[in-house]
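Trainee: Predicted model and sequence below, questions to follow.
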Amino acid sequence: MLKPSYQLPDLTEIDGLETLEVLKALASANRSLAELKGRAAAIPNQGILIDTLALQEAKASSEIENIVTTQDELFQADLFPEGPESPAAKEVALYRDAVKYGFAQLSQFEGLITNSTIIGMFQLLKQRDDGFRRTPGTALKNDRTGQIVYVPPQDQREIVAAMDALERFINDDRLSSLDPLIKMALVHHQFESIHPFPDGNGRIGRILNVLYLTRADLLEIPILYLSRAINNSKSEYYRLLQHVRDTGEWEDWIVYILRAVDETARTTLDLVENIRDQMASMKRRIREELPKLYSQDLLNNLFRHPYTRIEYLQNDLRVTRQTAAKYLDTLAENGFLEKHQSGRNNYYINEPLVALFLSVSE
């Protein structure tokens, strides 16, 4: 049996982390997060941000694991009962579902992130019914050379004990006086080092980040996703993960995570502002050009579902199928949406909104 190559630390005993570099990065990240939290509240329907931004995070996070899909495949994934044809798009859609499941559980359990929630996210993401690893033999290898770079805990009892300790550290604020963002960096590293699942640990660990931010009240809804920043510096991310294991030095890792939070918060703030501007512009145009069609529910639908269809409008506006079809066709005829067909089904695209997401993901 492989022997673990790193002794998991007791996170409650780690100190000396608030160096000058960490404090500088921390101040900037907290400012950016606070501004994002305030501006996001101005969007009239928070579901718009949860649904659309969770899908963008799902795409970026999956790309870190070399699961690549297009925006078109991604948005079509929700449109039709048979789901996306692309296996990658299916995996990305499941990641988005796992984010939403985790957030719903966080609300249900009064702000606690439990191991049962983490296991539930894994089961949803991977479409399987097991949980923490039971079989030894897991080792992390260099993709290029095949060399083993890290051996996580092998015994299931050790894995369960480590995850129980991590659960306590996440949820009991009395165990640490560290700033929540520094604590999040420790939690993410510890989770990835425990590597509790047979597969999907990277993606579950990244969902855990944003759930922790909402638990710590740094955000009201899970809309800050670090995967794009990690994607842009993937080799550095993995290097620093291992650097902590090799040296016990945390500063570079924490600064890396804080800068990723800062960068991502500012990018997300720009995205939220642009969504708000697009909503205001479309609201004004519909009121002026198609006043009989306008309603806030209609506007929300067109931004919650960048690709929409008749059934979505029926449900959101509580109108007949005939009325929903008329609304969408009228919007398409007047240049608000692009009408497309897939087999016998019509769907309608909010092109400026999709273009906005594409500009951010490039």
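Mentor: Right, received. Where do you want to start?

Trainee: Restricting to C-alpha, output stretch 49-58 in PDB.
Mentor: What follows is stretch 49-58, C-alpha atoms only, in PDB (Å, rounded to 0.1, in the frame of the first residue of the first chain):
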ATOM      1  CA  LEU A  49     -26.900  35.600 -11.500                       C
ATOM      2  CA  ILE A  50     -26.900  32.200  -9.900                       C
ATOM      3  CA  ASP A  51     -28.100  30.400 -13.000                       C
ATOM      4  CA  THR A  52     -25.900  32.200 -15.600                       C
ATOM      5  CA  LEU A  53     -22.700  32.600 -13.600                       C
ATOM      6  CA  ALA A  54     -22.800  29.100 -12.100                       C
ATOM      7  CA  LEU A  55     -22.800  27.800 -15.700                       C
ATOM      8  CA  GLN A  56     -19.800  29.900 -16.600                       C
ATOM      9  CA  GLU A  57     -18.000  28.700 -13.500                       C
ATOM     10  CA  ALA A  58     -18.900  25.100 -14.400                       C
END
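
Trainee: That stretch - what's its average pLDDT?
Mentor: Averaging pLDDT along stretch 49-58 gives 80.

Trainee: Check stretch 329-339 too.
Mentor: Mean predicted lDDT for stretch 329-339 stands at 97.

Trainee: now swap in stretch 270-280 and tell me
Mentor: Stretch 270-280 shows an average pLDDT of 92 in the prediction.

Trainee: same question, stretch 72-83
Mentor: Average pLDDT, stretch 72-83: 71.

Trainee: Just give the closest residue to the spatially most central residue of the chain, not the sequence neighbours.
Mentor: Residue closest to the average C-alpha location in the chain (Cα atoms, centre = their mean): Glu57, at 4.3 Å. With sequence-adjacent residues excluded and distances taken as Cβ to Cβ, 6 or more residues apart in numbering, Glu57 is closest to Tyr225, at 3.3 Å. C-beta here means a position set from N, CA and C on the backbone, and glycine is covered the same way.

Trainee: ok so, going back, the residue nearest to the centre of the chain sits in which helix or strand?
Mentor: Glu57 belongs to helix 46-64 when assigned by DSSP states H and E.

Trainee: for that helix, which positions count as buried?
Mentor: The neighbour-count check on helix 46-64 (16 or more other Cβ atoms under 10 Å) flags 48-64 as buried.

Trainee: For that helix, name the packing helices and strands.
Mentor: The contact analysis (3 or more Cβ pairs under 8 Å, 6 or more residues apart in numbering; DSSP states H and E) places helix 46-64 against helix 71-76, helix 87-108, helix 201-215, helix 227-231, helix 251-289, helix 296-304, helix 351-361.

Trainee: coming back round to it: would you say the residue nearest to Glu57 is within a helix?
Mentor: No. Going by DSSP: H, G, I helix; E, B strand; the rest coil, the assignment for Tyr225 is coil, not a helix.

Trainee: what's the distance between it and Thr268?
Mentor: According to Cβ to Cβ, to the nearest Å, Tyr225 stands 8 Å off from Thr268.

Trainee: list residues touching both of the two?
Mentor: Leu53 (Cβ atoms under 8 Å, 6 or more residues apart in numbering).

Trainee: Could you point out which residue ranges in the stretch 1-150 of the chain have low pLDDT?
Mentor: 1, 80-85 (pLDDT under 70).

Trainee: Name all residues that make contact with the closest residue to Ile194 other than its chain neighbours.
Mentor: Closest residue to Ile194 apart from its sequence neighbours, by Cβ to Cβ, 6+ apart: Ala162 at 4.8 Å. Contact analysis of Ala162 by Cβ under 8 Å, 6+ apart lists 8, 153, 190, 194, 196.

Trainee: Just among the residues you listed, which is most surrounded?
Mentor: Pro196 (26 neighbours; other Cβ atoms under 10 Å).

Trainee: quick one: it and Ala161 touch, right?
Mentor: No. Under the criterion of Cβ atoms under 8 Å, Pro196 makes no contact with Ala161, lying 11.0 Å away.
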